[in-house]
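In: Build me a model:
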Amino acid sequence: MIAEDEDRAIARLRDELGSVRLTSSGDQVDRVLRHVHGRRRVQRHQRVQMLTAVAVVVFAVAGAFVVTSQSGTGPDRDGTAAAAVTQWQLRGDLAGETDLVNRAEQTWRTSATPPAGAVRAVFAGRSPNITACLDIVVLVADVAGGKEQVAFVTTPVSVTGKPDRSKLLLRALTTVPDGQRAVGFLSATPAREDEPTSSGGPVGLALTAPGVAEIEVRTSALDDQAVQTNTPAGAVWPAFEQGAGAWNAELVVRTPGDHKQRYPIAAGLADPAVDQVALRTEGGVLRASGPGLRQGDLIATPDGVVGVVNDPNGTVDTRLSALAAVGRVQTSVSAVPGQLVDGSGGVGFQPTAAGRLEEGNRLVLLAWDQPRISLNIGTLRRSTRGWLTDRVAGVVAATSAMRVGGP
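Out: Below is the predicted model of the structure:
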């Protein structure tokens with residue numbers, strides 16, 4: 001009760017008491033009023049305590065949010081903080097196979113790129129893809145700088161659905177920042193021990209943080225992609241055709257509110273190196289910077305090719321006609337080969353072999369003439385001068401991309 005209300009109550013009490021004949025002692029009214037004042041003070045004190053406690057909780061929560069959001073594992077857009085990969089629990093239908101998990105760790109430790117410290121397994125499972133089946137153990141170790149190293153140890157690929165566990169391979173290795181909500185790999189280059197598959201496509205796995213509802217591996221190498229089903233263990237096993245790989249794919253995580261978070265996917269150790277680079281434009285010249293950058297590397301986003309690194313300073317030649325020096329240009333489905341020619345009306349596509357061309361056909365670069373390394377260039381458009389190429393939108397304006405290491 002505020003002071004004004006309290007004064008009105010006291011005045012009303014005095015008026016009412018004034019009309020009553022009192023037979024008690026003369027100080028009784030004062031005692032009653034003192035009692036009223038005392039009760040009001042207690043009530044005010046209790047309210048102050050309650051409001052103070054609420055304020056403490058509010059400020060504590062707000063402070064915790066500020067501290068958390070400034071840390072390396074800050075809350076995601078849905079407000080929940082993501083746990084470090086080293087804190088994920090061990091999952092998968094083979095999680096109870098202690099011998100398999102222990103041998104997978106030993107495989108990593110005795111490899112050319114061993115972990116520096118303690119190792120934890122966060123997944124062990126078998127691919128449901130019978131025609132390209134393998135067992136996979138996902139291991140993680142802390143590294144300096146608030147990052148984590150994730151290793152994917154697998155059996156050789158089996159086409160019968162019965163992988164041979166007598167041989168384990170370090171298939172992929174990547175470094176991620178603390179708190180990343182998904183990890184995964186696509187390995188497009190078969191190992192010597194792998195049985196050849198009919199599709200010739202990559203093998204891989206995507207694994208989410210615990211509690212993440214939905215994840216997919218997206219690739220621009222396909223015009224239409226089948227819906228990927230998340231398993232109860234939070235794993236997705238992509239089954240792509242030849243051409244897909246870390247150079248044209250990414251992990252896409254959906255969080256509550258239909259927010260999307262995108263992360264790079266690791267390449268297989270036998271694949272061309274795929275590293276993240278930064279892009280900047282200076283004086284109309286595009287430059288890339290990042291680890292391992294070399295002249296002759298391709299620069300690409302998950303959507304398509306940006307250009308070719310043409311000097312040690314990271315200058316990127318973004319002319320589509322320059323791609324002829326890096327690989328084969330052809331339509332994606334009908335595989336009609338051709339040349340890209342600069343012209344006043346745009347970049348023309350001149351087929352070098354017979355084949356059917358249609359408006360909107362996707363044009364791709366098979367890097368270094370390797371069909372398993374496919375990068376989108378653009379789409380074909382008919383004009384009065386022949387076929388023109390509409391480049392993949394936005395790739396040259398990107399501020400981050402991947403370098404695909406040349407042979």
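
In: Quick check: Arg294 touching Val404?
Out: No. Taking contact to mean CB atoms under 8 Å, the distance of 10.8 Å between Arg294 and Val404 leaves them out of contact. For the C-beta atoms, the positions are set from N, CA and C on the backbone; glycine is no exception.

In: Show me which of these two is the more surrounded one.
Out: When neighbours are counted by other CB atoms under 10 Å, Val404 comes out ahead of the other of Arg294 and Val404, with 25 against 12.

In: roughly how far apart are the more buried one and Leu170?
Out: Counting by CB to CB, to the nearest Å, the gap between Val404 and Leu170 amounts to 21 Å.

In: ok, and the helix or strand in the protein with the lowest average confidence?
Out: helix 28-70 (a mean of 38; mean pLDDT, DSSP states H and E).

In: And the next helix or strand past that one?
Out: The element immediately downstream of helix 28-70 (helix or strand, assigned by DSSP states H and E) is helix 98-109.

In: which helices and strands does that following helix pack with?
Out: Counting contacts by 3 or more CB pairs under 8 Å, 6 or more residues apart in numbering; DSSP states H and E, helix 98-109 is packed against strand 120-126, strand 135-143, strand 147-154, strand 169-177.

In: At the geometric centre of this protein, which residue do we find?
Out: Geometric centre of the chain, nearest residue: Tyr263, 2.4 Å, by CA atoms, centre = their mean.

In: Nearest residue to it in space, please, no chain neighbours.
Out: Using CB to CB, 6 or more residues apart in numbering and skipping the chain neighbours, the partner closest in space to Tyr263 is Leu251 (4.3 Å).

In: Kindly format the C-alpha coordinates of the host helix or strand of the one you found as PDB.
Out: Remark: Leu251 resides in strand 249-255, with elements defined by DSSP H and E. Output for strand 249-255, consisting of C-alpha atoms alone and laid out as PDB, is shown next (Å, rounded to 0.1, in the frame of the first residue of the first chain):
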ATOM      1  CA  ALA A 249      28.500 -29.000 -49.700                       C
ATOM      2  CA  GLU A 250      27.800 -27.700 -46.200                       C
ATOM      3  CA  LEU A 251      26.100 -28.700 -42.900                       C
ATOM      4  CA  VAL A 252      22.700 -27.000 -42.400                       C
ATOM      5  CA  VAL A 253      21.200 -27.100 -38.900                       C
ATOM      6  CA  ARG A 254      17.700 -26.000 -38.100                       C
ATOM      7  CA  THR A 255      17.000 -24.700 -34.600                       C
END
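
In: Mind listing the strands it pairs with, and their directions?
Out: Strand 249-255 pairs in its sheet with strand 214-219 (antiparallel), strand 259-263 (antiparallel), by DSSP bridges.

In: And those: which comes nearest Gly355?
Out: Closest approach to Gly355 among the strands paired with strand 249-255 (CB to CB): strand 214-219, 24.0 Å.

In: Quick check: beta-bridge partners of Gln261?
Out: Partner residues in beta bridges with Gln261, using DSSP bridges, are Val253.

In: wait, doesn't it sit right on Glu250?
Out: No. Counting by CB under 8 Å, no contact exists between Gln261 and Glu250, whose distance comes to 10.3 Å.

In: In terms of helices and strands, where is Gly378?
Out: Assigning secondary structure by DSSP H and E places Gly378 in strand 374-383.

In: List the neighbouring strands of that strand plus their orientation.
Out: Here strand 374-383 has these sheet partners by DSSP bridges: strand 362-367 (antiparallel), strand 386-391 (antiparallel).

In: That one: which residues count as buried?
Out: 374-380 (16 or more other CB atoms under 10 Å).

In: Same check on stretch 106-126?
Out: By neighbour count, with 16+ other CB under 10 Å as the criterion, the buried positions of stretch 106-126 are 107-108, 115, 119-126.

In: Of the residues you listed, just say which sits nearest to Ser344.
Out: Checking the buried residues of stretch 106-126 against Ser344 by CB to CB gives Phe123 as the nearest, at 55.0 Å.
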